[in-house]
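**Student:** one predicted model, sequence on top.
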Amino acid sequence: MMSVAANKILRGRSRGVRPMFSSGLADRLFSSSASSSKRLEGKVAVITGAVGGIGEATAKEFVRNGAKVILADIQDDLGRAMAAELGADAASYTHCDVTVEADVAAAVDLAVARHGRLDVVYSNAGIAGAAAPPTLSALDLDDYDRVMAVNARSMVACLKHAARVMSPRRAGCILCTASSTALIGDLAAPAYCISKAAVVGMVRTVARQLARDGVRVNAISPHAVPTALVTRVISETFPAATAEEVRRMVTRDMQELEGASLEVEDVARAAVFLASDEAKFVTGHNLVVDGGFTVGKDLLRNPPSFA
Ligand SMILES: NC(=O)c1ccc[n+]([C@@H]2O[C@H](COP(=O)([O-])OP(=O)(O)OC[C@H]3O[C@@H](n4cnc5c(N)ncnc54)[C@H](O)[C@@H]3O)[C@@H](O)[C@H]2O)c1
């Protein structure tokens, strides 16, 4: 039997995705390789959660755009391999558990020690936590604490240590990954939704303060994109579903926008824009990358049979 939460998130229509372009035209027009300008040339960035999913795609997109990146994560072997693949000049890996403030401080300091500057901190690491409990009274507060520590408290640590370095320089850009679940109540497990709402709140709070220092602070709110974080939760919620069915649920059944599906690279490109000088006057913003999922909802929950 489908849980209430599962029913809710799948309420969107199930249908095929029409390709917008039938040839390779879309690739030529929009692929990052088609872009000749390096929009982050000369910038140095720390990215947390950089070794998987959205963080990995963003690190690669940053490097493609000329940035030097510190990959901060807890997956040490994968992280070192990824840094080697990107090239020693462009990327270095550092073990950084974002729940440990000293690790966050060290990652920030490493960027300055290695490259002499720090332009961007992207606080992106996050976890899903346990699947939604059947009722609020079954909420596990230990799980809640873990989720809040990784998804919310860690972002405060990133903001704090990024500001420590950026405010004296009177320049810098801080990004935090929030989520569509911060915008519509009860889309995912309560702990996750609450942690992401906190991210949007902290970005607004800190952006006002740091504006006077010339430091920009923005959130990015992706909707469901098939990374390890999401597919694990969906697989737990629908244990009988195959990997392909799980992927289809995330990429089609949970979405509203026809003709395109959300990929990690879409979020990465949003991060490139916000980190670049093209966004020099954008601060305190929450850039929602959700294909319109949160702009509205059906007025009638159960349409009558005559409709
Ligand atoms: N995938 C989605 O649908 C989606 C939607 C909205 C927001 N988000 C958010 O995007 C961010 C990235 O998620 P993802 O989907 O790429 O997940 P993912 O699981 O693919 O990647 C998360 C990365 O964070 C790292 N990480 C986890 N705990 C860490 C810790 N304590 N310290 C340092 N690194 C840690 C992991 O090792 C991994 O590399 C998260 O904040 C997530 O909440 C994801």
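**Tutor:** Thanks, I have it. Numbers count the residues shown, from 1 in each chain.
**Student:** neighbours around the residue nearest to D277 when sequence neighbours are not counted, how many?
**Tutor:** Nearest non-adjacent residue to D277, counting by C-beta to C-beta, 6 or more residues apart in numbering: R39, 7.8 Å away. (C-beta placed from N, C-alpha, C; glycine too.) R39 has 21 neighbouring residues, counting by other C-beta atoms under 10 Å.
**Student:** got a list of what R39 touches?
**Tutor:** Contacts for R39 (C-beta atoms under 8 Å, 6 or more residues apart in numbering) come out as 65-66, 272-273, 276-278.
**Student:** partner strands of the longest strand seen in the chain, parallel or antiparallel?
**Tutor:** In terms of residue count, the longest strand belonging to the chain (DSSP state E) is strand 215-222. Using DSSP bridges, strand 215-222 pairs in its sheet with strand 172-177 (parallel), strand 286-289 (parallel).
**Student:** pick the most buried one from those.
**Tutor:** Of all the strands paired with strand 215-222, strand 172-177 carries the top mean neighbour count, a mean of 26, counting by mean count of other C-beta atoms under 10 Å.
**Student:** before we move on, the earlier item: in the longest strand of the chain, what counts as buried?
**Tutor:** Neighbour-count burial for strand 215-222 flags 215-222 (criterion: 16 or more other C-beta atoms under 10 Å).
**Student:** out of these, which are close to the ligand?
**Tutor:** When C-beta under 6 Å from any ligand atom is applied, the members of the buried residues of strand 215-222 adjacent to the ligand are P222.
**Student:** return the member of the buried residues of strand 215-222 nearest to the ligand.
**Tutor:** The ligand lies nearest to P222 out of the buried residues of strand 215-222, by C-beta to the nearest ligand atom, at 4.0 Å.
**Student:** the closest one contacts T177, correct?
**Tutor:** Yes - counting by C-beta atoms under 8 Å, P222 touches T177, with 7.1 Å between them.
**Student:** which neighbours do these two share?
**Tutor:** Joint contacts of P222 and T177 (C-beta under 8 Å, 6+ apart) are 54, 267.
**Student:** hmm, back to that, possible to save the buried residues of strand 215-222 as JSON lines with distance to F238?
**Tutor:** What follows is these, written out as JSON lines (distance: C-beta to C-beta, whole Å):
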{"residue": "V215", "distance to F238": "43"}
{"residue": "R216", "distance to F238": "40"}
{"residue": "V217", "distance to F238": "37"}
{"residue": "N218", "distance to F238": "34"}
{"residue": "A219", "distance to F238": "29"}
{"residue": "I220", "distance to F238": "27"}
{"residue": "S221", "distance to F238": "24"}
{"residue": "P222", "distance to F238": "21"}
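**Student:** which two of the buried residues of strand 215-222 have the greatest separation?
**Tutor:** Greatest spatial distance in these: V215 and P222, 23.2 Å, computed using C-beta to C-beta.
**Student:** quick one: secondary structure of Y93?
**Tutor:** Under DSSP: H, G, I helix; E, B strand; the rest coil, Y93 falls in the strand class.
**Student:** quick check: which element contains E245?
**Tutor:** helix 243-248 (DSSP states H and E).
**Student:** please report how far the residue nearest to D277 lies from the ligand.
**Tutor:** 22 Å (C-beta to the nearest ligand atom, to the nearest Å).
**Student:** before we move on, what about R153?
**Tutor:** Distance from R153 to the ligand, by C-beta to the nearest ligand atom: 10 Å.
**Student:** equivalent analysis for H95, please.
**Tutor:** 9 Å.
**Student:** burial count for the closest residue to that residue other than its chain neighbours?
**Tutor:** Spatially, and ignoring its direct neighbours in sequence, H95 is nearest to D76 (5.5 Å; C-beta to C-beta, 6+ apart). When neighbours are defined as other C-beta under 10 Å, D76 has 12 of them.
**Student:** would you mind listing what in the stretch 51-200 of the chain touches the ligand?
**Tutor:** Checking the stretch 51-200 of the chain against the ligand by C-beta under 6 Å from any ligand atom, the hits are 51-55, 73-75, 96-99, 124-127, 150, 177, 179.
**Student:** residue of the stretch 101-250 of the chain with the smallest distance to the ligand?
**Tutor:** The nearest approach of the stretch 101-250 of the chain to the ligand comes at G126, 2.2 Å away (C-beta to the nearest ligand atom).
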